[in-house]
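Visitor: following is a predicted model, sequence given first.
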Amino acid sequence: MTQTAKGTSGREGISRRGMITALAAGAVAGSLDLRPPTAAREAVQAATAPPAAATPSPGGTPVPATGQPAPELAAVEAVLRELMVRWGLPGGQLALAKDGRLVLNRGYGLADVDAGAPVQPTSLFRIASVTKAITAVAILTLVDAGTLALDDAVFPLLAFAPPPHATPDPRLQAITVQDLLVHAGGWDSAQSFDPQGLPFSRMAAAMVGLADPADATTIVRFMLGEPLDFAPGARQAYSNFGFNVLGRVIEHVAGQPYDAYVRDHVLAPAGISAMRLGRTRLEDRAPGEVRYYAPPDQPLAWSVFWGEGFAPYAYGGSTYLEALDAHGGWIASAVDLVRFATAVDGQRGPALLQPATVTTMLTTPRPPTGMPSAGVPGVTGEVTAGLGWDVIPGASGSTWSRVGALLGSTAAWVARRPDGVAIAVVLNSLPPDYNAFLNDVIPALGQAVDAVRAWPAGDRFGAAVTATPSA
């Protein structure tokens, strides 16, 4: 596979970027899927571990649950349990709030298949690109504080050194904070590559002359030597890398590590204490974190750890989770995602953002993709507004939604609906056809919530979480 250059070098007119992509594609000659990440594949590609034992029996063994049931929401729970059986998912969580009150928080299935350990309502899961909504809110707290503006140019602010002898694309200097929040920074991984995974993250470390696996800042410095795919602001193309850059902006402006700022100014004010950045290796997983399971027969991938050969996607295959921090690195429970979603505008507790900033977050337009689009999972058409969130208009108002998926490892979804419902789902496996899977799960759960006629009384936020198993 080759790519024609915009500016060419060599007798056959293949760009340096095209040559890199061609080399990566050459690794696919065998049965292993080692292609570079693309936007069409959720572009993160971090993630999975065996075993086939995770698949429920053909007879459809009922999925056990932990936590306190709510009879009024039994039909919603039944939908998720049926989906887990049908798609062969070992474990998951579901949390629901209504008008800022937590009404359901349950774990389903197994957090560790070999140990037979159930998912608890407090278990932690990788949330993949749901992280982008958290990073966007963190950026907007800096806007509220007056230390950052949406029209600030990011690379003059960061002043990172490019790789030795690189000639940076002059258009880099025009990229603004808002461009990154609406995926319009100028990078299109479907057209070129996503540097957040192998082989490009390894090339980043080599080009910059720093240790492999490359951290987030090393990847940003590497990309200063690569041409943009389009003019900043001209169109949108889903970009993990753009949110990596936003993480570095937070660090520069706040003067503290990305995760520390997010904990201090987003999570703690929302009443969240357990969330943290995930780690790549299985032995480094956090207390209470689930194990991740690949679909049956998924091959291994190149390990991000030099000299270690091949590894499951979840635990070092293709992607170094630590380098995904601001675009796909957080681990959380479903209830903490609901805490976050209900705190942004003060539906529950003090608002994380000022009212005018929330309006900006939800109404800022996105440029068109400039190409046919199937939209985001569960949505028909192109998302045309939203900073960090996908804002989906409806007859009764707009829904804010954010989906995350890591190849063979995890799926997550959080949404705030105009009827006062906040919903979050996390799962510890991802089927191979994850677009079909997410387009099954999201509408099915949405329709089940639509059918609820009476909501549970009371508020389970702050209550002691019971982990008593039930059938």
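Guide: Great, that's in hand.

Visitor: show me the longest strand that occurs in this structure.
Guide: Looking across the chain with DSSP state E, the single longest strand is strand 101-112.

Visitor: where does pLDDT dip in the protein?
Guide: Within the chain, the ranges that satisfy pLDDT under 70 run 1-61, 371-381, 463-471.

Visitor: tell me which residue lies nearest the centroid of it.
Guide: Ser129 (1.0 Å; Cα atoms, centre = their mean).

Visitor: so which strand or helix has the residue nearest to it when sequence neighbours are not counted?
Guide: Once flanking residues are discounted, Ser129 sits nearest to Gly404: 3.9 Å by Cβ to Cβ, 6 or more residues apart in numbering. Every C-beta, even on glycine, is put in place using the N, C-alpha and C of the backbone. Per DSSP states H and E, Gly404 falls inside strand 397-406.

Visitor: can you name every helix or strand that the longest strand of the chain contacts?
Guide: strand 65-66, helix 74-87, strand 91-98, strand 117-118, helix 334-343 (3 or more Cβ pairs under 8 Å, 6 or more residues apart in numbering; DSSP states H and E).

Visitor: sheet partners, orientation included, of that strand?
Guide: Strand 101-112 pairs in its sheet with strand 65-66 (antiparallel), strand 91-98 (antiparallel), strand 117-118 (antiparallel), by DSSP bridges.

Visitor: distance between it and the chain's centre?
Guide: Taking Cα atoms, centre = their mean, to the nearest Å, the mean C-alpha location of strand 101-112 is offset from the chain mean by 20 Å.

Visitor: tell me the helix or strand right after the strand holding Gly404.
Guide: Assigned by DSSP H and E, the successor of strand 397-406 is strand 410-416.

Visitor: elements contacting that next one?
Guide: Partner elements for strand 410-416 (3+ Cβ pairs under 8 Å, 6+ apart): strand 125-126, helix 334-343, strand 397-406, strand 421-427, helix 434-450.

Visitor: which parts of the chain are helices?
Guide: 16-26, 74-87, 131-144, 154-158, 177-181, 200-208, 216-223, 240-254, 258-262, 325-328, 334-343, 355-363, 434-450 (DSSP state H).

Visitor: distance to Gln68 for those helices - can I get that in TSV?
Guide: Below are the helices of the chain laid out as TSV (distance: least, Cβ to Cβ, whole Å):
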stretch	distance to Gln68
helix 16-26	49
helix 74-87	12
helix 131-144	27
helix 154-158	45
helix 177-181	38
helix 200-208	43
helix 216-223	39
helix 240-254	36
helix 258-262	29
helix 325-328	31
helix 334-343	12
helix 355-363	31
helix 434-450	18
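
Visitor: Leu110 is nearest to which of the ones you listed?
Guide: Leu110 lies closest, by Cβ to Cβ, to one member of the helices of the chain: helix 74-87, at 10.4 Å.

Visitor: deepest-packed of the strands paired with strand 101-112, please.
Guide: strand 91-98 (a mean of 28; mean count of other Cβ atoms under 10 Å).

Visitor: what's the angle between that one and strand 421-427?
Guide: Here the directions of strand 91-98 and strand 421-427 differ by 170 degrees (axes from the mean of the first three to the mean of the last three Cα atoms, to 10 degrees).

Visitor: check the offset of strand 91-98 from the chain's centre.
Guide: For strand 91-98 - counting by Cα atoms, centre = their mean - the centre lies 18 Å from the chain centre.

Visitor: could you give the angle of that strand to strand 410-416?
Guide: 0 degrees.

Visitor: got the angle for strand 91-98 vs helix 334-343?
Guide: 30 degrees.

Visitor: CA atoms only for strand 91-98 - export them in PDB, please.
Guide: What follows is strand 91-98, C-alpha atoms only, in PDB (Å, rounded to 0.1, in the frame of the first residue of the first chain):
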ATOM      1  CA  GLY A  91     -18.900  -8.500  32.600                       C
ATOM      2  CA  GLY A  92     -20.400  -5.000  32.800                       C
ATOM      3  CA  GLN A  93     -22.000  -2.300  34.800                       C
ATOM      4  CA  LEU A  94     -25.100  -0.100  34.400                       C
ATOM      5  CA  ALA A  95     -25.800   3.100  36.300                       C
ATOM      6  CA  LEU A  96     -28.900   5.400  35.900                       C
ATOM      7  CA  ALA A  97     -29.800   8.800  37.400                       C
ATOM      8  CA  LYS A  98     -33.000  10.700  37.000                       C
END
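
Visitor: that strand vs helix 434-450, what angle?
Guide: Using the same axes, to 10 degrees, the direction of strand 91-98 lies 40 degrees away from that of helix 434-450.

Visitor: ok, Ala457 - how many residues close by?
Guide: The number of residues packed near Ala457 is 9, by other Cβ atoms under 10 Å.
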